[in-house]
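In: Have a look; sequence and predicted model below, questions after that.
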Amino acid sequence: MYMLYKLRSQGLAVQGIERGDGVGGTWYWNRYPGARCDVESMEYSYQFDDALQQEWEWNERYAPQAEILSYANHVADRFDLRPNFQFETSVESAVFDEATSRWLVTTSRGETYSAQWCVMATGCLSSTNLPNFEGLEDFAGDWFHTGLWPKAGVDFAGKRVAVVGTGSSAIQSIPVIAQQAASLTVFQRTANFSIPAHNGPLAPKFVEQIKSDYTHFRKINNETFSGFGGRWRKYDDSILAADEQKRETRFNEKWALGGFHFLNSFADVGASPDHNKFAADYAKNKIRGIVNDPATAELLCPDQVIGCKRLCVDSGYFETFNRDNVKLVNVKDNPIERVTPKGLVTGGEEYEFDIIVFATGFDAMTGSLLSIDIKGRNSQPLQEKWAAGPRTYLGLQTHGFPNLFTISGPGSPSVLTNMVVSIEQHVNWISRCINHMRLNQMNYIEAELGAEDEWVEHNNSLSELTLFPGCNSWYLGANVPGKPRVFMPYVGGFQNYVAKCEDVVHNGYKGFLMQARA
Ligand code: N01
């Protein structure tokens with residue numbers, strides 16, 4: 001939406017193409033019960049228009065899906081964006097025409113658009129991952145994926161419900177479904193760490209204080225590693241140097257604050273498994289303190305490093321396992337074998353359900369791009385170029401695909417940050433770049449191969465210094481069978497990434513070939 005607004009205000013003719021029948025992206029599709037942002041609402045919003053950020057009223061510390069969707073609709077109306085969107089339309093192919101340096105974009109409606117520039121704003125977590133369970137088509141009840149939730153909602157009252165998965169979507173939906181359903185069975189393959197959100201109504205005084213100087217609030221967030229949480233103290237001392245009492249005090253403080261900030265209890269929580277163990281043990285003891293049944297509590301205790309898979313933020317997740325109508329089934333050693341007309345089979349046992357909820361995640365970062373038949377110079381398919389994993393320069397372009405930009409593409413900080421902040425930074429960069437080309441009568445831009453290779457190498461070497469490669473996360477593509485195992489987001493920090501992007505511009509778009517072509 002912001003890209004469309006920005007390019008349109010620069011005088012370009014812009015066509016937005018959107019699969020849904022409305023705006024909102026992630027917040028349009030993920031309507032599952034309990035869906036909520038785990039970045040605070042005062043931070044998870046656009047900053048490009050001061051009147052917009054002053055007039056919009058958030059109600060809770062962490063906004064629920066419906067409120068963010070209302071916000072997206074408000075933005076669409078306020079800036080009159082709908083006329084430029086074609087809804088209920090999917091892009092099927094995008095082919096670069098070398099003779100004209102234009103993209104030919106064909107949609108599910110059979111239309112083909114010719115465009116000088118093509119911007120893929122297809123999202124990082126928008127292509128759902130539904131494991132290929134045998135027999136699913138014969139299931140007699142209803143089944144849903146959290147990422148494609150029906151608009152009309154789902155009535156769980158009196159139903160026997162299964163939730164498959166224990167990632168963020170499951171951890172948010174399980175407490176709410178458990179309150180509505182007759183029974184809930186959770187199928188867990190890998191236990192996950194989750195920190196309480198401590199959600200609640202926003203205090204008017206706090207909102208007033210931020211709105212009195214929103215610029216400063218944005219600035220301190222934009223200068224952080226992740227684009228949020230700038231007002232909270234980040235400690236620079238080592239976890240190893242602290243004694244037990246200091247560690248406990250610090251962990252208590254960050255746990256009480258809630259959310260991702262727990263990982264900032266010390267400067268080096270992610271430095272090595274030995275450093276990390278203190279924080280992981282603290283979080284596991286919290287689980288043991290909440291869950292009454294010791295066997296269930298142990299099953300819910302993760303055996304990996306904390307922060308290696310994306311941390312979850314919850315409202316009453318572990319407490320839900322104390323309910324009489326909730327059961328946990330470990331499918332780590334006995335994978336789900338198949339779906340039957342009555343339910344699911346694991347470990348040779350059949351569990352019967354009326355509804356199955358698949359909270360099984362996404363083909364992250366590359367799934368939506370690669371589901372479009374994108375062909376660059378020499379008719380090279382993007383699928384071929386990225387066969388061994390995505391390769392980009394700054395996550396903004398990939399060599400061989402001129403005039404094609406990706407917003408929050410692989411190789412940019414994206415999913416490791418406040419997404420709205422990262423999206424705005426990319427939109428600002430791309431629109432400035434296009435403006436520069438137009439002012440200089442240029443119509444061709446392509447990431448240079450050498451710059452791309454260096455960027456990929458830089459990214460890989462940075463990620464190897466972290467604990468991220470050590471577990472099977474979607475950051476690595478490890479959740480999708482057959483997907484190359486490559487750490488996809490840029491892990492060097494949002495503030496450092498922005499500095500690099502600015503440096504490229506100040507050095508005449510270094511690493512990009514820019515030309516005027518007939
Ligand atoms: O998906 P996930 P998600 N049998 O991939 C399990 C964002 N998000 O939708 O870990 C059994 O994290 C899988 O098990 P395992 C956020 O970035 C944000 O929950 O692979 N289980 C895992 O437990 C988040 O990280 C918010 O062993 C199977 C689960 O399914 C990202 O979206 C809210 C299985 C998938 O977890 C994705 O989260 C929600 C199988 N065959 C989501 N296949 C915000 O608040 C998969 N699983 C902003």
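Out: Good, I have the coordinates. Numbers count the residues shown, from 1 in each chain.
In: Give me the three-state assignment for the residue nearest to the spatial centre of the chain.
Out: Residue closest to the average C-alpha location in the chain (C-alpha atoms, centre = their mean): residue 415, at 4.6 Å. Using DSSP: H, G, I helix; E, B strand; the rest coil, the structure places residue 415 in helix.
In: other SSEs contacting the helix of greatest length in the chain?
Out: Criterion DSSP state H: the longest helix present in the chain is helix 419-439. Counting contacts by 3 or more C-beta pairs under 8 Å, 6 or more residues apart in numbering; DSSP states H and E, helix 419-439 is packed against helix 2-9, helix 494-506. The way it works is simple: take the backbone N, C-alpha and C, and place the C-beta from them, glycine included.
In: I'd like to know which elements the helix or strand just after that helix is packed against.
Out: Downstream of helix 419-439, the next assigned helix or strand under DSSP states H and E is strand 444-447. Other helices and strands packing on strand 444-447, by 3+ C-beta pairs under 8 Å, 6+ apart, are strand 512-515.
In: before we move on, back to that, with only the CA atoms kept, save the longest helix of the chain in PDB.
Out: The C-alpha trace of helix 419-439 is given here as PDB (Å, rounded to 0.1, in the frame of the first residue of the first chain):
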ATOM      1  CA  MET A 419       8.100  -5.500   9.500                       C
ATOM      2  CA  VAL A 420       6.400  -2.200   9.100                       C
ATOM      3  CA  VAL A 421       9.600  -0.300   9.700                       C
ATOM      4  CA  SER A 422      11.500  -2.600   7.300                       C
ATOM      5  CA  ILE A 423       8.800  -2.300   4.600                       C
ATOM      6  CA  GLU A 424       8.800   1.500   4.900                       C
ATOM      7  CA  GLN A 425      12.600   1.600   4.600                       C
ATOM      8  CA  HIS A 426      12.500  -0.500   1.400                       C
ATOM      9  CA  VAL A 427       9.700   1.500  -0.100                       C
ATOM     10  CA  ASN A 428      11.600   4.700   0.600                       C
ATOM     11  CA  TRP A 429      14.700   3.300  -1.000                       C
ATOM     12  CA  ILE A 430      13.000   1.900  -4.100                       C
ATOM     13  CA  SER A 431      10.900   5.000  -4.700                       C
ATOM     14  CA  ARG A 432      14.000   7.200  -4.400                       C
ATOM     15  CA  CYS A 433      15.900   5.000  -6.700                       C
ATOM     16  CA  ILE A 434      13.200   5.100  -9.400                       C
ATOM     17  CA  ASN A 435      12.900   8.800  -9.000                       C
ATOM     18  CA  HIS A 436      16.600   9.200  -9.500                       C
ATOM     19  CA  MET A 437      16.500   7.100 -12.700                       C
ATOM     20  CA  ARG A 438      13.600   9.100 -14.100                       C
ATOM     21  CA  LEU A 439      15.300  12.400 -13.300                       C
END
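In: Residue 164 is nearest to which of the helices and strands packed on helix 419-439?
Out: helix 494-506 (32.9 Å; C-beta to C-beta).
In: Now the closest one: buried residues?
Out: Buried positions in helix 494-506, judged by neighbour count with 16 or more other C-beta atoms under 10 Å: 494, 495, 497, 498, 501, 504.
In: Same question for stretch 316-328.
Out: Using 16+ other C-beta under 10 Å as the test for burial, stretch 316-328 gives 316, 317, 318, 319, 320, 321, 326, 328.
In: can you give me how far that stretch is from the chain middle?
Out: The chain centroid and the centroid of stretch 316-328 are separated by 26 Å, computed with C-alpha atoms, centre = their mean, to the nearest Å.
In: re earlier: mean pLDDT for the helices and strands packed on helix 419-439 - can I get that in a markdown table?
Out: Output for the helices and strands packed on helix 419-439, formatted as a markdown table (pLDDT from 0 to 100):
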| stretch | mean pLDDT |
| --- | --- |
| helix 2-9 | 98 |
| helix 494-506 | 98 |
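In: Tell me which of these sits nearest to residue 435.
Out: helix 2-9 (9.0 Å).
In: packing partners for that closest one?
Out: helix 419-439.
In: and the helix it packs on, which residues are buried?
Out: 419-431, 433-434, 437.
In: Likewise for stretch 296-305?
Out: Residues 296, 297, 299, 300, 301, 302, 304, 305 are the ones in stretch 296-305 that count as buried (16+ other C-beta under 10 Å).
In: What residues does this structure have near the ligand?
Out: Within the chain, the positions near the ligand by C-beta under 6 Å from any ligand atom are 36-38, 125, 131, 146, 164-170, 172, 187, 189-190, 310, 331, 336, 359-362, 415, 472, 474, 479.
In: same thing but 5 Å
Out: Listed as neighbours of the ligand in the chain under the rule C-beta under 5 Å from any ligand atom: 37-38, 125, 131, 165-169, 189-190, 310, 360-361, 474, 479.
In: what's the most distant pair in those?
Out: It's 37 and 131 that sit farthest apart of the residues of the chain next to the ligand, by C-beta to C-beta, at 26.2 Å.
In: Of these two, give the one with the bigger neighbour count.
Out: Neighbours were counted for residue 37 and for residue 131 using other C-beta atoms under 10 Å; residue 37 has more, 23 against 15.
In: Please tell me how far the more buried one sits from residue 173.
Out: According to C-beta to C-beta, to the nearest Å, residue 37 and residue 173 sit 14 Å apart.
In: same thing with residue 445?
Out: Applying C-beta to C-beta to residue 445 and residue 173 gives a distance of 42 Å.
In: And residue 21, by the same measure?
Out: On the measure of C-beta to C-beta, residue 21 and residue 173 end up 23 Å apart.
In: How about residue 227?
Out: 26 Å.
In: Give me the more crowded residue out of the two.
Out: Taking other C-beta under 10 Å, residue 227 and residue 173 do not tie; residue 227 has more neighbours (28 against 23).
In: The more buried one reaches residue 493, doesn't it?
Out: No - using C-beta atoms under 8 Å as the test, residue 227 is too far from residue 493 to be in contact (9.5 Å).
In: Mutual contacts of those two, please.
Out: Common contacts of residue 227 and residue 493 (C-beta atoms under 8 Å, 6 or more residues apart in numbering): residue 413.
In: for the buried residues of helix 494-506, which one is nearest the ligand?
Out: Closest to the ligand out of these is residue 494 (15.5 Å), distances taken as C-beta to the nearest ligand atom.
In: How about the contacts made by the closest one?
Out: Contact analysis of residue 494 by C-beta under 8 Å, 6+ apart lists 222, 224, 225, 226, 227, 413, 416, 417, 418, 421, 422, 425.
In: what comes into contact with stretch 504-515?
Out: 393-394, 397, 429, 432-433, 436-437, 440, 442-448, 450-452, 455, 503.
In: on that earlier part again, now go through the buried residues of stretch 296-305 and say which are in helices.
Out: 296, 297, 299, 300.
In: between those residues, which is nearest the ligand?
Out: Nearest member of these to the ligand, counting by C-beta to the nearest ligand atom, is residue 300, at 12.1 Å.
In: Isn't residue 334 up against residue 351?
Out: No - using C-beta under 8 Å, residue 334 is not in contact with residue 351; the gap is 11.7 Å.
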